[in-house]
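*Asks:* I'd like to go over a predicted model; first the sequence, then the structure.
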Amino acid sequence: MSLGGVSVPERTKTLDGIRRCLSDAQSLFQEVMDTLNEIGKGDFGMTLTPFVGGLAMKDPAKNFRNALIKLDSAEKVLQPLAVRLRDGRVNSSHFKDERAIVLVRDLAEFDYGQLIKLLAQRRGRETVWYRLDELSKKAREAYQLVSTD
């Protein structure tokens with residue numbers, strides 16, 4: 001059986017792939033945000049400044065490194081979706097609303113290098129967090145707009 005030149009099992013596989021890419025990206029964005037929240041918190045999670053002598057501070061280098069790895073992973077998770085969007089294998093027929101294409105394009109074409117650069121320089125933690133929050137919301141909304149048939 002085919003639907004517009006595409007077999008039903010192939011369409012189902014494509015929709016599952018879209019959902020997987022978007023959900024994995026959204027969860028990785030959330031993990032990076034959680035990691036960024038940990039930077040600067042003490043062991044008791046109550047303060048942004050160290051106790052006397054800095055004994056309560058966690059190692060920010062490790063957290064920045066973890067955030068970089070997860071952000072890079074999120075970018076890579078979106079690559080298959082970006083390629084399929086560019087070559088037309090993913091299009092508006094895979095979504096309930098045209099807005100989803102705009103959201104997916106925003107996610108696919110975003111310059112993650114800016115955020116990676118800020119994290120590599122260990123600065124702009126809040127800027128990166130807010131940008132990831134926006135991207136996470138876009139991924140969540142696009143996921144909800146993936147066609148169900």
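*Replies:* Yep, that arrived.
*Asks:* can you map out the helices along the chain?
*Replies:* Using DSSP state H, the helices of the chain run over 8-38, 60-86, 99-109, 112-120, 125-144.
*Asks:* helices or strands up against the shortest one?
*Replies:* This means helix 112-120. Here helix 112-120 touches helix 60-86, helix 125-144, going by 3 or more Cβ pairs under 8 Å, 6 or more residues apart in numbering; DSSP states H and E. (C-beta placed from N, C-alpha, C; glycine too.)
*Asks:* Nearest to residue 114 among those would be which one?
*Replies:* helix 125-144 (8.2 Å; Cβ to Cβ).
*Asks:* can you list the residues that contact the closest one?
*Replies:* For helix 125-144, contacts defined as Cβ atoms under 8 Å, 6 or more residues apart in numbering pick out 19, 22-23, 25-26, 29-30, 32-33, 36-37, 39-40, 67, 71, 95, 99-100, 103-104, 106-107, 110, 115, 118-119.
*Asks:* For that helix, what is the distance to the chain centroid?
*Replies:* Chain-centre distance of helix 125-144: 7 Å, with Cα atoms, centre = their mean, to the nearest Å.
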